[in-house]
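In: With the input below, show me the fold.
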Amino acid sequence: MENPHGETDLQYLLSNMQPVLEKDEIVFCSIPPEKAMEFLPYSQGFYREEEGVTVILAKQDAELNNLPFTTVFHRISLMVHSSLEAVGFLARITEVLAAQGISVNVVSGYYHDHLYIKIDQAENALRTLELWQSKLSE
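Out: Presented below is the predicted three-dimensional model:
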């Protein structure tokens, strides 16, 4: 029976991560806190930092609103329902990607973890995860 709060078993998570590459062009921007709410309807996420609010949104929305950004990403969503209390899941994934020289920015939602990968590395990241996962199953 599936845990309604997400899975914590590392082997289960790694064997069932189901990475899905989304081809939307995504950027991270920093905006003043008072502007953050206007981006809520079409953002993928927010994070408040001392310097401002980081907003994750489509590149086209950032450009339409003249928001500066430095890098364009694709998102790989791990479709297994991972618990926010799972230990080692993201550490193992980021370790595998780092060994291939792939930079990753991770955002964890209640149900899934999302990997933001530079667009020129995203296909390679997906292949790397799929190959690694298939070797784990052997």
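
In: For Y111, list the residues it contacts.
Out: 6, 81-82 (C-beta atoms under 8 Å, 6 or more residues apart in numbering). Glycine gets a C-beta too; all of them are placed from N, C-alpha and C.

In: which residues in the chain form strands?
Out: 19-31, 43-49, 52-58, 73-78, 105-108, 113-118 (DSSP state E).

In: Now do the buried residues in the longest one.
Out: Translated: strand 19-31. The neighbour-count check on strand 19-31 (16 or more other C-beta atoms under 10 Å) flags 19, 21, 26-29, 31 as buried.

In: before we move on, what about the fifth one?
Out: In terms of neighbour count (16+ other C-beta under 10 Å), strand 105-108 has its buried residues at 105, 107-108.

In: can you list those in TSV and add distance to L126?
Out: Formatted as TSV, those follow (distance: C-beta to C-beta, whole Å):
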residue	distance to L126
N105	16
V107	17
S108	19
